[in-house]
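Undergrad: here's a sequence, model it:
(chains A and B)
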Amino acid sequence: MAGLPFPSERQSGPFFNESGGRPVEKQLALEMRGITKRFGSVIANYHVDLDVYRGEILAVLGENGCGKTTLMNMIAGIYFPDDGKIYMDGQEVVIRSPKDAFAHGIGMIHQHFKLVDLFTAGENIVLGVKENGRYRIKDVNERVAAIAARYGFHIDPSKKIYDMSVSEKQTVEIIKVLYRGADILILDEPTAVLTPQEITRLFQVLRRMKEDGKSIIIITHKLHEVLEVSDRVTILRKGEHIATVNTRDTDENRLTEMMVGKKIDLNIDRPAPKNAQPRLEVRHLDLHNAEGIHVLRDVSFTANGGEILGVAGIAGSGQRELLEAITGLQPRVQGEIIFHNPKKDRPVTFFHKSMRRVRELCAQNAFHDGKGRDVSFDGMKTAAIRKWVESGDVLFREDEVMSLRDKTPLEIRQLGVHLSFVPEDRLGMGLVGSMGITDNMMLRSYRKGRAGFLDRKKPRALADEIIKELEVATPGVSTPVRKLSGGNVQKVLVGREIAFMPKVFMAAYPVRGLDINSSYTIYRLLNKQKENGVAVIYVGEDLDVLLALCDRILVINSGAVTGILDARTATKEEIGLLMTKTQAAGKEETK
Amino acid sequence: MSGFMNYLVDSLAFGATFIYGSTGEILTEKAGHLNLGIPGIMCMGGAGGAWIMYLIGSSALPPFLIVLLGTLAALLFGALTGAIYSFLTITLRANQNVTGLALTIFGEGMMKVILDGSKLTNKAYLVQPVSYFHWPFAGRNDSLQLIGPLFFLAIIIAVLSSWVLMRTKVGLHLRAVGENPATADAAGINVTGYKYAATCIGSGIAGLGGFYYIVDYMGNNEAYLDIPSLGWLSIALVIFALWRPVLAIVGSTVFGFLFSLSSLIKISTATQPLMQMLPYVVTILVLIVTSIRNKRENQPPSSLGLSYFREDR
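TA: Residues are numbered from 1 along each chain as shown, chains lettered A, B, ... in the order given. The predicted structure is shown next:
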């Protein structure tokens, strides 16, 4: 870290000795002893011990709902422990409110940012700070700029929060805590919402703070980040403290084992595709969004049934728009989207077809009677045709080929093209936060009730099944989903979409923010869909996972396809290059 | 003075009632509480102030002191009624709309009980101390006499409120509480304290509005029955003023102008109610314009109407 403009002031010399990897001058900043916290009958933390030293980065690792955030909230004064003691510099302290926490030099950067959208960065930073002298926002902004320069942040203090990107907001949060002179910084899953480049920058800043003698606690469940940035790791499982280890003495497998409580296989299963048939053909998709920006450029690809097609690309390269175009949510789109409905040798139904359409198709010789013979309705009365069709003896000769461009989103969904979109804001699209799991299941089935009444039994059974199968941690089916932790919300969303037996299943970032166990559950679910002959389109950000899970990988770059690779032979470097190469070169690749 | 000048002065003087009402409501809403009890609170303030002036009006106290005590009483009655609202909505987290409406009905009833019950129909005692302040240079029946001391107090309060809200730390904190109480709480701001203070002070100011209308503006008329409708207009004015007390001064004059337009232009008695609708029509127009422009700064405080409980996720 030579050459940094900022010299470490309080600590100098080598921080680690050669042999043990332990800090030489261990100075305790904070101790937690026997902390217990209950919410009603649920025990969130049980007799947890935790030590934090000055000038170190401590990672708190654990699965969703294991009590990481609750524990940290007790240091930050959001919750008050039912039992146990907290010591700072050897003295027992009582932290009843965030104010107390600040007074002790503790600041927390929450996963959901606590910022007032309407205020500027400076106003948010100075909020609640007791300062001498008159309050002048100009002075505040100057002090903010000074802190930013010191640790290498880029920020405009007079910019409004609602104009900021996620990473800018996070910067404001961190400066907010530093402005108060915090010596202990707690970051709750700070990397969940950042791009790889932003994560690198964040880690640089964290290291500078560490050199400045600050204690940093980072909550995460991404193992490689733990190994990259932390000095020690504390592992929690089901609310209990399992172990605290030095980062350099451990590895991914051992951490996983402690976190999950059992050995789990970190390899992702990839069964060979069986009977892959074209299911979705996208040809020359082109889209200018509402702001007139060219977001999709001549995108063409085919997704096969029984195969997982991965989509790789830098965030915001048009992935979202592509999926939305397929599901009919982008009416402006140009080009063709052809869906092959897997109807071959399956009975004709009236579910999607009118009698007129059935007659038309029959005239085109689209049906056979199960023994390969032609079907003819000549001279038959409507009632007789209906009886014959409903008996299930009239079968399709071929897959039904249709354009999705002239269908409404609802029709597309009924055809079995399902999108499980997990955007930055999990609750924004797909689930209603204040409704329970059952009610959220009903968002997909409410049209099926009889005579205006809703059928609650089936959704309820489905909700129970999802809770059981995907191990959703929730007090009950009627608990509003916004009260669940992020990973559990995601499971509910993905579980629901899969339950409706899709023929094309699109999932965007379905494991974002999920812990290892849940991620692997999702991968298994996707593989199961693949085995059932579903065409799976998986938009992911982790290239390792894409390479291990998918059959083919489509690389998208500034809205254009720069390559479709065989995932079994492709390398990370190859994909990375395609993700970032310039537009002109990209055009050639797609022919 | 010309007829139009008279009319303008009248609008200004009349509008001061709205300045009190809407400034009080703005402070409350900035803390995230929609107080629909403002009409009732204005009734309580007016009735309380007038009652105290009635009790001490015949004593040998100097008129100045009598008015001052009356004003303080109005402030106190308004604030106390606001405290009921605060306790219900902040501490017990009751529904704000229901609580507010109940309080309006309560305040209106209490006003009638106090004013009728204490036989205040003959209000000569009110006129005497207030006229003490009247402009010496203007004629006795000049409309300028309508500009009493409490008119200026209204302007001062509105300007001061704007300054506090936009230029001081207290204002910054209050706005944060109304925008995002969880954030304010995490920043170490005493959310409950701010909510109580803003609601009670706001209610006190609104209470002054009722007192101003009965005592300073109308003098000895049987005017108090109008106060509830003026209270509702004050709430509408908050939207008109885009949650800025200084704009409320402008809005109040406009509302006062429109409200008294019905008495100026007498086409027929049938059109009278139509004319009285004008302020509301203007409010709707403002709502439409601000919605179209959709500027974040002109929207209501984000957590308006929502209760805050720290451990609720």
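
Undergrad: residue ranges with poor pLDDT in the stretch 201-313 of chain B?
TA: B:218-223, B:262-268, B:311-313 (pLDDT under 70).

Undergrad: can we see that at 80?
TA: B:215-225, B:259-276, B:279, B:283, B:286-287, B:290-296, B:310-313 (pLDDT under 80).

Undergrad: could you pull out the helices for it?
TA: Remark: helices assigned in the stretch 201-313 of chain B by DSSP state H, counting those that start in this stretch are B:227-240, B:245-264, B:272-276, B:278-293.

Undergrad: what's the closest of those helices to A:A548?
TA: Between A:A548 and the helices of the stretch 201-313 of chain B, the shortest gap by Cβ to Cβ is with helix B:278-293, which sits at 50.0 Å. Heads up, the C-betas are built off the backbone N, CA and C, glycines and all.

Undergrad: ok so, going back, deepest-packed of the helices of the stretch 201-313 of chain B, please.
TA: Of all the helices of the stretch 201-313 of chain B, helix B:227-240 has the most neighbours on average by mean count of other Cβ atoms under 10 Å in any protein chain shown, namely a mean of 24.

Undergrad: ok now that helix, how far from the chain's centre?
TA: Mean-position distance between helix B:227-240 and its chain equals 8 Å (Cα atoms, centre = their mean, to the nearest Å).

Undergrad: mind giving me the packing neighbours of it?
TA: Packed against helix B:227-240, as judged by 3 or more Cβ pairs under 8 Å, 6 or more residues apart in numbering or on different chains; DSSP states H and E, are the following elements: helix B:3-30, helix B:38-57, helix B:96-117, helix B:191-211, helix B:245-264, helix B:278-293.

Undergrad: so which of those comes closest to A:K130?
TA: Once those are compared by Cβ to Cβ, helix B:191-211 is nearest, at 14.4 Å.

Undergrad: grab the nearest non-local neighbour of the residue in the stretch 151-300 of chain A that chain B sits nearest to.
TA: Distances between the stretch 151-300 of chain A and chain B by Cβ to the nearest Cβ are smallest at A:Y162, namely 5.8 Å. Excluding the flanking residues, the one nearest A:Y162 by Cβ to Cβ, 6 or more residues apart in numbering or on different chains is A:D117, at 4.5 Å.

Undergrad: hang on, the earlier thing: quick one: which of the helices and strands packed on helix B:227-240 is nearest A:H284?
TA: With distances scored as Cβ to Cβ, the stretch of the helices and strands packed on helix B:227-240 nearest to A:H284 is helix B:278-293 (37.7 Å).

Undergrad: got a list of contacts for the closest one?
TA: Contact with helix B:278-293 is made by B:233, B:236-237, B:239-240, B:242, B:254-255, B:258-259, B:261-262, B:298-299, as judged by Cβ atoms under 8 Å, 6 or more residues apart in numbering or on different chains.

Undergrad: next, the angle helix B:3-30 makes with that helix.
TA: Interaxial angle of helix B:278-293 relative to helix B:3-30 (axes from the mean of the first three to the mean of the last three Cα atoms, to 10 degrees): 50 degrees.

Undergrad: next one: helix B:278-293 to chain centre, how far?
TA: Distance of helix B:278-293 from the chain centroid (Cα atoms, centre = their mean) equals 20 Å.

Undergrad: and if you look at stretch A:484-494?
TA: The chain centre lies 9 Å from the centre of stretch A:484-494; the measure is Cα atoms, centre = their mean.

Undergrad: what's opposite the residue nearest to A:N365 when sequence neighbours are not counted in the beta bridge?
TA: Using Cβ to Cβ, 6+ apart and skipping the chain neighbours, the partner closest in space to A:N365 is A:D374 (6.2 Å). Listed beta-bridge partners, A:D374: A:H368 (assigned using DSSP bridges).

Undergrad: could you give the number of residues near the residue of the stretch 151-300 of chain A closest to chain B?
TA: When counting by other Cβ atoms under 10 Å in any protein chain shown, one arrives at 12 neighbours for A:Y162.

Undergrad: do the same with A:E173
TA: The burial count for A:E173: 22, using other Cβ under 10 Å.

Undergrad: report the contact partners of it.
TA: A:109-110, A:113-115.

Undergrad: and residue 165, how many neighbours?
TA: Looking at chain A here, since you left the chain open. Neighbourhood size, A:S165 [other Cβ under 10 Å]: 12.

Undergrad: hm, I was asking about chain B
TA: 20.

Undergrad: excluding chain neighbours, what is closest to B:Y213?
TA: Closest to B:Y213 by Cβ to Cβ, 6+ apart is B:T17, at 4.6 Å.

Undergrad: my read: that neighbour touches B:G209, true?
TA: Yes: between B:T17 and B:G209 a contact is recorded at 5.0 Å, counting by Cβ atoms under 8 Å.

Undergrad: mind listing the shared neighbours of these two?
TA: B:42, B:230, B:234.

Undergrad: OK, contacts around the residue lying closest to the last one once chain neighbours are set aside?
TA: In space, not counting the residues next to it along the chain, B:S234 is nearest to B:G21; the distance is 2.6 Å by Cβ to Cβ, 6+ apart. Neighbour list for B:G21: B:38, B:42, B:206, B:209, B:230-231, B:233-235, B:237 [criterion: Cβ under 8 Å, 6+ apart].

Undergrad: if we go to 10 Å?
TA: B:38-39, B:41-42, B:45, B:154, B:202, B:205-210, B:212-213, B:227, B:230-238, B:248, B:252 (Cβ atoms under 10 Å, 6 or more residues apart in numbering or on different chains).

Undergrad: quick one: terminal-to-terminal distance for stretch A:109-118?
TA: 19 Å (Cα to Cα, to the nearest Å).

Undergrad: right, is whatever helix or strand B:G178 lives in up against chain A?
TA: Per DSSP states H and E: B:G178 is located in helix B:169-179. Yes: using Cβ under 10 Å from any Cβ of the partner chain, helix B:169-179 reaches chain A at B:169-173, B:175-179.

Undergrad: what comes up buried for that helix?
TA: Within helix B:169-179, the residues that count as buried by 16 or more other Cβ atoms under 10 Å in any protein chain shown are B:169, B:171-179.

Undergrad: can I get those residues in JSON lines with pLDDT?
TA: Shown next, in JSON lines, are the buried residues of helix B:169-179 (pLDDT from 0 to 100):
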{"residue": "B:K169", "pLDDT": "92"}
{"residue": "B:G171", "pLDDT": "94"}
{"residue": "B:L172", "pLDDT": "94"}
{"residue": "B:H173", "pLDDT": "95"}
{"residue": "B:L174", "pLDDT": "96"}
{"residue": "B:R175", "pLDDT": "95"}
{"residue": "B:A176", "pLDDT": "95"}
{"residue": "B:V177", "pLDDT": "95"}
{"residue": "B:G178", "pLDDT": "94"}
{"residue": "B:E179", "pLDDT": "94"}
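
Undergrad: how close does the spatially most central residue of chain A sit to A:G318?
TA: Closest residue to the average C-alpha location of chain A: A:R512 at 2.2 Å, with Cα atoms, centre = their mean. From A:R512 across to A:G318, the span is 18 Å (Cβ to Cβ, to the nearest Å).

Undergrad: any chance of the helices and strands packed on helix B:227-240 in a markdown table, with distance to A:K274 too?
TA: What follows is the helices and strands packed on helix B:227-240, written out as a markdown table (distance: least, Cβ to Cβ, whole Å):
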| stretch | distance to A:K274 |
| --- | --- |
| helix B:3-30 | 63 |
| helix B:38-57 | 71 |
| helix B:96-117 | 60 |
| helix B:191-211 | 59 |
| helix B:245-264 | 70 |
| helix B:278-293 | 55 |
